[in-house]
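>>> task: produce atomic coordinates for the following.
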Amino acid sequence: MSKALWTSTEAALATDGDVKSDWSAVGVSIDTRSLDLGDLFVALIGDNSDGHKHVKDALAKGAAAAMVSGPCDGVSDEGLLVVEDTLSGLQALGHAARARTDAKIVAVTGSVGKTSTKDALRTILEAQGRTHGSVASYNNHWGVPLTLARMPADTEWGVFEIGMNHANEITPLSQMVQPDVAIITTVEPVHLANFENVEGIADAKAEIFDGLKPDGTAILNADNSHFDRLRLRAQAAGAGNVISFGASDKADARLERVALHPSCSCISASICGQAITYKLGIPGKHHVMNSLAILAAVHALGADLALAGMTLATLNAPKGRGERHIVHDGDRQFVVVDESYNANPASMRAAIATLGAAEVEGAGRRVAVLGDMLELGEDEALMHQGLAGPLADAGIDQVYACGPLMKNLYEDLPAACKAGYAEGSEALLEQLASQLGDGDVVMVKGSLGSRMGLIVDGLLALHSDDDVPSGAGD
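Just a heads-up that it's a prediction; the model follows:
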């Protein structure tokens, strides 16, 4: 039987709640669809749903108990932890989980690369000790406390992603996580619809230092124009050490040499004075730069740097963030690069550059399928048009565009590379599916709201060769 994560007494004490019976939970869940036997189900109230309506179902599926803010129809009080507010209760559980562990914690934020950096660091530390971290992109006001509440007391390493759309969102989350190490991958014009300028975004990202442990370590991108602004914020917050990373000669975690390949990169670097050569299993210069931040964090934690370098070779791109698929459809075979999870100008440029470095076979083409980038503010049209240069520099053969914002780019492209445009992803899929040829490499990217994942799913559905699985990227 799994070790208890929370007993009824511990949970009631942490949340100032009431319980009528003794129970112990081995996990914490907010969704009955993914609930595991023995979980504590937290009945959160959202804009479009109320978890209290699912308490009976959760208990029937084997939940140890349910955290609620009042009576639930058809449910005995025996299985309930009653609190004043369930979100506040979950946050209190997160605070209690952090207070009871001696784990060394890393928190990651940034305009681009948060999730891939977090996932890579978690994989590295899992090879070196008991490690806990956020799943998917659980980086908001409920995702962070949920991840904390799920953390066993004997955890040695913790890795948390913290995100934001507005100012003052990161501070309470960082104060809850209390990281020993805080990473800001980069600052770019993302969510500009909610900020006056990029400096405002930098200040919002710097809120991650508000919860940094006294004399903790801040890890910052030396190549980013906001480095000095972020460094001063980190030092003002009490950071005992600031580690810079990048290609700059002055960076503490410094890129010395790199060989970029279609499916990986080979890197030589100096990490705070220690030379290391390693292979990175995910292609792309942007991932190379973030690997320096990852190794800087390993150094700051006192973990094994050489083992970390070996682990980086085993990494694969997460779903929607560069995952590669080979599709066999009759007489044609093509590669789909799934970048459909999200997009902003910086990540678009990085993905386009990576596509430009991809190897094609025979008469194959490098094909970019681009959807709208959302929340960019009043300059959104110009930011879409600004992708024309990177597309030309990367030697992209064909461009398909999807959505009213991306139309601004499409209309500015040379006729030779215009392949198709549609207002919605469904219509664009119909054009694309019939026009791809043997040997093509097609990269699909856009903000989540542009529904570019539908195009990826449609292309993968064309796969017809059972002997070669579509997930077998090269």
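
>>> number of residues surrounding S225?
The number of residues packed near S225 is 13, by other CB atoms under 10 Å. Where you see a C-beta, it was placed from the backbone N, CA and C, and this is true even at glycine.

>>> show me what contacts the nearest residue to A237 once chain neighbours are set aside?
Leaving aside its chain neighbours, A237 sits nearest to F209 (3.7 Å; criterion: CB to CB, 6 or more residues apart in numbering). By CB atoms under 8 Å, 6 or more residues apart in numbering, F209 lies in contact with S174, A182, A218, R233, A234, A236, A237, G238, A239.

>>> now swap in Y421 and tell me
Y421 makes contact with Y400, A401, C402, M406, K407, Y410, L428 under the criterion CB under 8 Å, 6+ apart.

>>> quick one: it and L448, what's the gap?
20 Å (CB to CB, to the nearest Å).

>>> next one: S116
16 Å.

>>> who has more neighbours, those two?
More crowded of S116 and L448, by other CB under 10 Å: S116, with 23 against 14.

>>> isn't the more buried one up against M289?
No. Using CB atoms under 8 Å, S116 makes no contact with M289, being 11.4 Å away.

>>> overlap of the contact sets of these two?
Joint contacts of S116 and M289 (CB under 8 Å, 6+ apart) do not exist.

>>> show me where pLDDT drops low in the stretch 151-300 of the chain?
The model of the stretch 151-300 of the chain has no residue with pLDDT under 70.

>>> all strands for it, in order.
157-161, 181-184, 217-221, 241-246, 253-260, 265-271, 274-280 (DSSP state E, counting those that start in this stretch).

>>> the lengthiest helix in the chain to strand 253-260, inter-axis angle?
When the chain is scanned for its longest helix (criterion: DSSP state H), the result is helix 285-301. Inter-element angle recorded for helix 285-301 and strand 253-260: 140 degrees (by axes from the mean of the first three to the mean of the last three CA atoms, to 10 degrees).

>>> please export the C-alpha coordinates of helix 285-301 as PDB.
Taking C-alpha atoms only, helix 285-301 is exported to PDB below (Å, rounded to 0.1, in the frame of the first residue of the first chain):
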ATOM      1  CA  LYS A 285      19.400  26.600 -30.500                       C
ATOM      2  CA  HIS A 286      16.900  27.800 -28.000                       C
ATOM      3  CA  HIS A 287      17.000  24.500 -26.200                       C
ATOM      4  CA  VAL A 288      20.800  24.700 -26.200                       C
ATOM      5  CA  MET A 289      20.600  28.000 -24.400                       C
ATOM      6  CA  ASN A 290      18.100  26.700 -21.800                       C
ATOM      7  CA  SER A 291      20.300  23.700 -21.200                       C
ATOM      8  CA  LEU A 292      22.900  26.100 -19.800                       C
ATOM      9  CA  ALA A 293      20.300  27.400 -17.300                       C
ATOM     10  CA  ILE A 294      19.500  23.800 -16.400                       C
ATOM     11  CA  LEU A 295      23.100  22.900 -15.700                       C
ATOM     12  CA  ALA A 296      23.600  26.100 -13.700                       C
ATOM     13  CA  ALA A 297      20.700  25.000 -11.500                       C
ATOM     14  CA  VAL A 298      22.300  21.600 -11.100                       C
ATOM     15  CA  HIS A 299      25.500  23.300 -10.000                       C
ATOM     16  CA  ALA A 300      23.600  25.600  -7.600                       C
ATOM     17  CA  LEU A 301      21.800  22.600  -6.000                       C
END
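
>>> from the chain's centroid, how far away is it?
Relative to its chain's centre, helix 285-301 lies at 15 Å (CA atoms, centre = their mean, to the nearest Å).

>>> tell me which helix or strand comes right after it.
helix 305-312 (DSSP states H and E).

>>> winner for burial among the strands of the stretch 151-300 of the chain?
Highest mean neighbour count of the strands of the stretch 151-300 of the chain: strand 181-184, a mean of 30 (counted as mean count of other CB atoms under 10 Å).

>>> what helix or strand is H328 on?
Short version, using DSSP H and E: H328 is in strand 323-329.

>>> domains in this structure, by residue range?
Domain ranges of the chain: 6-92, 101-312, 323-460, per automatic domain parsing.

>>> distance between the longest one and the chain's centre?
It stands for domain 101-312. Worked out by CA atoms, centre = their mean, domain 101-312 lies 11 Å from the chain centre.

>>> and stretch 367-377, by the same measure?
That offset, for stretch 367-377, works out to 18 Å (CA atoms, centre = their mean).

>>> average pLDDT for that stretch, rounded please.
Per-residue pLDDT values across stretch 367-377 average out to 95.

>>> cool, stretch 73-89 as well?
In the prediction, stretch 73-89 has an average pLDDT of 93.

>>> ok, back up a step: can you select the buried ones among the contacts of F209 for me in ChimeraX?
Of the contacts of F209, the buried ones go into a single ChimeraX selection, burial set by 16 or more other CB atoms under 10 Å:
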select :174,182,218,233,234,237,239
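
>>> between the contacts of F209, which is nearest A14?
S174 (19.8 Å; CB to CB).

>>> who's in contact with the nearest residue to that closest one once chain neighbours are set aside?
Closest residue in space to S174, ignoring its immediate chain neighbours: G211 at 3.2 Å, by CB to CB, 6+ apart. The neighbourhood of G211, defined by CB under 8 Å, 6+ apart, consists of A107, T171, L173, S174, Q175, M176, V177, Q178, P179.

>>> neighbour-wise, which of the residues you listed leads?
The most crowded member of the contacts of G211, judged by other CB under 10 Å, is A107 (31 neighbours).

>>> any idea how far A136 is from the residue nearest the centre of the chain?
In the chain, the centroid-proximal residue (CA atoms, centre = their mean) is T115; its distance is 2.0 Å. Distance of T115 to A136, given as CB to CB: 8 Å.

>>> between the strands of the stretch 151-300 of the chain, which gets nearest to A350?
Per CB to CB, nearest to A350 of those: strand 253-260, 11.8 Å.

>>> got the angle for the closest one vs strand 265-271?
170 degrees.

>>> what's next to strand 253-260, contact-wise?
Contacts of strand 253-260 (CB under 8 Å, 6+ apart): 219, 243-248, 265-272, 275, 283-285, 288-289, 292-293, 295-296, 299, 357.

>>> okay, that strand in CSV with CA atoms only?
Below are the C-alpha coordinates for strand 253-260, written out as CSV (Å, rounded to 0.1, in the frame of the first residue of the first chain):
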residue,chain,number,x,y,z
ALA,A,253,27.3,29.2,-17.5
ARG,A,254,28.8,29.9,-20.9
LEU,A,255,28.3,28.2,-24.3
GLU,A,256,31.7,27.5,-25.8
ARG,A,257,30.9,25.5,-28.9
VAL,A,258,27.8,23.9,-30.4
ALA,A,259,27.0,21.7,-33.3
LEU,A,260,23.3,21.8,-34.3
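
>>> that strand to strand 217-221, inter-axis angle?
40 degrees.

>>> any idea which element G62 lies in?
Here G62 is assigned to no helix or strand, by DSSP H and E.

>>> T9 versus that one, what's the distance?
21 Å.
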